[in-house]
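> 3D model of this:
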Amino acid sequence: MGSEHLSKQYDAQLETLRSAVLQMGGLVEAQIRSAIDAFSTGKAELIDQVIANEPRVNACEVNIDNDCSHIIVKRQPAANDLRLIMAISKAVTDLERVGDEAEKIARMSRQIHEHGRMELHHFANIRHAADIAVSMLRQALDAFARLDAAQAAATIREDMAIDAEFRSILRQLITFMMEDPRTISTALEIVWIAKAIERIGDHAKNIAEYVIYIVKGTDVRHTKLEQIEREALG
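Numbering: from 1, shown residues only. Model prediction:
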């Protein structure tokens with residue numbers, strides 16, 4: 001009975017850890033959405049909210065990492081459980097960095113709206129790229145919640161769409177800067193926002209790769225997409 005009790009306790013600890021990752025993911029997703037809304041509207045309260053919430057994201061990372069360390073020391077997990085804990089420790093680092101990118105978008109949005117030198121309606125594709133990034137993050141977290149390697153592979157494929165959007169935005173901004181040098185300062189700030197969105201996609205892709213590692217036991221980082229899909233679906 002004692003052994004069974006300890007086993008149930010251990011399972012509960014792992015489930016709590018998984019839930020904490022998903023809660024952190026929800027917070028980070030909200031940060032991205034607020035940051036993009038701040039870019040679109042210039043609302044100071046949205047910008048302030050994103051910046052104020054950044055320490056919460058950092059605290060989530062620290063707390064989850066501490067819980068991972070505690071479980072490793074106390075439970076000495078092996079095989080699947082060890083892979084899960086290692087992947088969680090890496091995933092929360094990516095989530096924290098997504099939070100950093102959201103804060104960067106909010107700060108850049110403040111500068112752009114304070115300058116007021118460029119009509120932002122030209123940049124609807126920024127929101128489109130952000131929608132892809134948020135969708136990727138949600139899909140990666142959903143794949144993590146269900147340990148679904150096939151969905152993780154599909155999420156990784158989406159990264160190409162964000163990369164294409166980033167290149168399109170860059171071309172558009174270069175055209176603006178060439179046609180009117182007065183737009184250079186603000187255009188460069190929008191480049192940083194577009195790059196932040198592209199980086200969010202990269203972090204979502206990383207999380208999806210960790211899901212495949214948990215499920216299949218294979219490290220698919222720096223692996224071609226076709227090989228990742230074969231591994232996930234095999």
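> how near is residue 138 to residue 132?
11 Å (CB to CB, to the nearest Å). Bear in mind the C-beta positions are built from the backbone N, C-alpha and C, glycine included.
> neighbour count for those two, which is higher?
Using other CB atoms under 10 Å, the more surrounded residue of residue 138 and residue 132 is residue 132, with 21 against 15.
> pretty sure that one contacts residue 161?
Yes - the pair residue 132 and residue 161 passes the contact test of CB atoms under 8 Å, sitting 5.3 Å apart.
> following the lengthiest helix in the chain, which helix or strand shows up next?
Counting by DSSP state H, the longest helix found in the chain is helix 2-41. The C-terminal neighbour of helix 2-41 among helices and strands, as given by DSSP states H and E, is helix 44-75.
> who does whatever helix or strand comes next after that next one touch, helix- and strand-wise?
Next helix or strand after helix 44-75 toward the C-terminus (DSSP H and E): helix 79-115. Under the contact definition 3 or more CB pairs under 8 Å, 6 or more residues apart in numbering; DSSP states H and E, helix 79-115 sits against helix 2-41, helix 44-75, helix 184-216.
> out of those helices, flag the one nearest residue 176.
Closest to residue 176 of the helices and strands packed on helix 79-115, according to CB to CB: helix 184-216, at 5.4 Å.
> name the residues that touch the helix or strand following the closest one?
Later in the chain than helix 184-216, the nearest helix or strand by DSSP H and E is helix 225-233. Contacting residues not belonging to helix 225-233 are listed as 149-150, 152-153, 156-157, 160, 209, 212, 215-216, 218, 220, 223 [CB atoms under 8 Å, 6 or more residues apart in numbering].
> what are the buried residues along stretch 23-37?
The neighbour-count check on stretch 23-37 (16 or more other CB atoms under 10 Å) flags 24-25, 28-29, 31-37 as buried.
> tell me the one of those nearest residue 88?
When the buried residues of stretch 23-37 are compared for distance to residue 88 (CB to CB), residue 24 wins out at 10.2 Å.
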